[in-house]
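no sequence on this one, just coordinates:
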């Protein structure tokens, strides 16, 4: 029987899980109505507020990031409400579909995949809404499908100027990877997921709710039961959950948040930025093209345009030869790009390793010289040393 190899996850989720977190997962479950579990919820809630840089409620849902985003929409809006949806990738598309599914009137602000949303388009539409019919602006901060980060800070300032519209933001691959100061930017609803920057397996999602968002829940008429956030808020007053939570994932969350707090927010953000710079410079040194404009690269994932070679075959070769899993392109980008995730529990060694693997395969394909492979590693090392 062959020795089982260690699969290295260099995708935007699930991300690698630290040993301490894996050990926490293996604990015997405890009663979710017990005093011990209440203490656990109290600890994780406090640390979630620290991570989100907010005094607002941060609720934990057993479900994916999509569940948190859907909860934000259905708890604050009503059928027929007018909303703006930013769409510049797969996940922007998803929120348009969700909004339409619940009978919302969607105004789309589009940008070509690989380019950021234009904040001025949001400003224009919001300023023209003199009767304040727009009830929410729904957008993705870090667009995982393309490796682009949108200018949430500027867009959120235009939403605040409108005064009526809520901000409903997908921060699934930005929370825990870059600065998302919820209170400073006065973000109303922010959704994220456990298998990204949180460094734990899939299964939990998190949602912040501002006072303005809670006030909107009183007018919402969209159907909800499991995702009724009022029930979660009521339970949180007693450090509990309205339904049976994923107890062992909460053990893992507690350990991961303690690790993040020990590292510190600035160090977390700096590490992700360093890895973004190292990856983007390595890719250029290897004569490959970044899919997104270098000025708008996400700190969580780098998308690479393969042009003359099949990205799916390239990914397969990397996996077969080195046990490194890279992400592929979605929809019309399948086979045209591959994506390298570098968020969560990723260190400098992981970046050096993935650049070495990519270089090796390109070398075997005759796409680069041994000198160019060496230069890519030198560039990577220099970036990691400088930042």
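The structure has been received and is ready for your questions. Here the structure is a predicted model, which means the values were calculated and not measured.

Show me what the longest helix along the chain is packed against.
The helix spanning the most residues in the chain, taking DSSP state H as the definition, is helix 265-285. With contacts defined as 3 or more Cβ pairs under 8 Å, 6 or more residues apart in numbering; DSSP states H and E, helix 265-285 has these neighbours: strand 289-290, strand 301-305, helix 348-364, helix 370-386. Using the backbone N, CA and C atoms, a C-beta is placed for each residue, glycine as well.

All the helices of this structure, residue numbers only.
Using DSSP H, the helices of the chain run over 19-25, 35-52, 65-76, 90-101, 119-128, 152-162, 211-217, 229-236, 247-263, 265-285, 311-322, 348-364, 370-386.

Deepest-packed of these, please.
For the helices of the chain, the stretch with the most neighbours on average is helix 65-76, a mean of 24; neighbours defined as mean count of other Cβ atoms under 10 Å.

Contacts for that helix next, please.
Under the contact criterion Cβ atoms under 8 Å, 6 or more residues apart in numbering, helix 65-76 has outside partners 61, 94-95, 98-99, 102, 104, 135-136, 138, 166, 168, 170, 172, 188-189, 191-193, 196, 205-207, 209, 213, 216-217, 220, 222-224, 227-230.

I would like a ChimeraX command selecting only the buried ones among the residues you listed, please.
Here is the ChimeraX command that selects only those of those that count as buried (16 or more other Cβ atoms under 10 Å):
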select :61,94,95,98,99,102,104,135,136,138,166,168,170,172,188,189,191,192,193,196,205,206,207,209,213,216,217,220,222,224,227,228,229
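
thinking again about what came up before, redo the helices and strands packed on helix 265-285 as CSV? Include distance to residue 113 and mean pLDDT.
Listed next are the helices and strands packed on helix 265-285 as CSV, based on distance: least, Cβ to Cβ, whole Å; pLDDT from 0 to 100:
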stretch, distance to residue 113, mean pLDDT
strand 289-290, 13, 96
strand 301-305, 9, 98
helix 348-364, 22, 98
helix 370-386, 26, 96
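
got the ones you listed as a markdown table, with distance to residue 158 columns?
As requested, the helices and strands packed on helix 265-285 are exported to a markdown table (distance: least, Cβ to Cβ, whole Å):
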| stretch | distance to residue 158 |
| --- | --- |
| strand 289-290 | 28 |
| strand 301-305 | 26 |
| helix 348-364 | 36 |
| helix 370-386 | 34 |
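
Which one, of the ones you listed, ends up nearest to residue 183?
Residue 183 lies closest to strand 301-305 among these, at 26.5 Å (Cβ to Cβ).

And for the closest one, what's in contact with it?
Among residues not part of strand 301-305, those counted as contacts by Cβ under 8 Å, 6+ apart are 12, 114, 142, 144, 146-147, 173, 276, 279-280, 283, 288-292, 311, 327, 329, 336-343.

Residue 30: which of the helices and strands packed on helix 265-285 is closest?
Proximity to residue 30 (Cβ to Cβ) singles out helix 348-364 among the helices and strands packed on helix 265-285, at 33.5 Å.

what's the angle from that closest one to strand 301-305?
Interaxial angle of helix 348-364 relative to strand 301-305 (axes from the mean of the first three to the mean of the last three Cα atoms, to 10 degrees): 10 degrees.

For the spatially closest residue to residue 116 that is not a sequence neighbour, give its distance to residue 117.
Distances taken as Cβ to Cβ, 6 or more residues apart in numbering place residue 296 nearest to residue 116, at 4.5 Å, with adjacent residues excluded. Residue 296 is 10 Å from residue 117, where distance means Cβ to Cβ, to the nearest Å.

Those two: which is more packed in?
More neighbours surround residue 117 than the other of residue 296 and residue 117, with 25 against 18 (other Cβ atoms under 10 Å).

any weak-confidence spans in the stretch 201-350 of the chain?
Using pLDDT under 70 as the threshold, the predicted model of the stretch 201-350 of the chain has no low-confidence range.

returning to what we had before: going through the contacts of strand 301-305, which ones are buried?
Restricting these to buried positions leaves 12, 114, 142, 144, 146-147, 173, 276, 279-280, 283, 288, 290-292, 311, 327, 329, 336-343, with burial counted as 16+ other Cβ under 10 Å.

before we move on, the earlier item: tell me the gap between the longest helix of the chain and the middle of its chain.
Averaged C-alpha coordinates place helix 265-285 at 16 Å from its chain's average position (Cα atoms, centre = their mean, to the nearest Å).

Tell me where the model's unsure across the stretch 51-200 of the chain.
Across the stretch 51-200 of the chain, no stretch falls below the confidence threshold (pLDDT under 70).

Quick check: end-to-end length of stretch 299-319?
According to Cα to Cα, to the nearest Å, stretch 299-319 extends 23 Å from its N-terminal end residue to its C-terminal end residue.

How far off centre is it?
The chain centre lies 20 Å from the centre of stretch 299-319; the measure is Cα atoms, centre = their mean.

Equivalent analysis for stretch 166-179, please.
Using Cα atoms, centre = their mean, the offset of stretch 166-179 from its chain centre is 6 Å.

repeat for stretch 327-342
Relative to the chain's own centre, stretch 327-342 is displaced by 16 Å; criterion: Cα atoms, centre = their mean.

so which of the helices and strands packed on helix 265-285 comes closest to residue 17?
Each of the helices and strands packed on helix 265-285 was checked against residue 17 via Cβ to Cβ, and the shortest separation belongs to helix 348-364, namely 13.2 Å.

Now do that closest one: distance to the chain's middle.
Between the centre of helix 348-364 and the centre of its chain there are 24 Å (Cα atoms, centre = their mean).

How about residues contacting that helix?
8, 10, 16, 274-275, 278-279, 282, 286, 288, 314, 317-318, 321-322, 324, 326, 340, 342, 368-370, 372-373, 376-377, 380-381, 384.

can we see that at 7 Å?
Taking Cβ atoms under 7 Å, 6 or more residues apart in numbering as the criterion, the residues outside helix 348-364 that touch it are 10, 275, 278-279, 282, 286, 314, 317-318, 321-322, 324, 340, 342, 368, 370, 373, 376-377, 380-381, 384.
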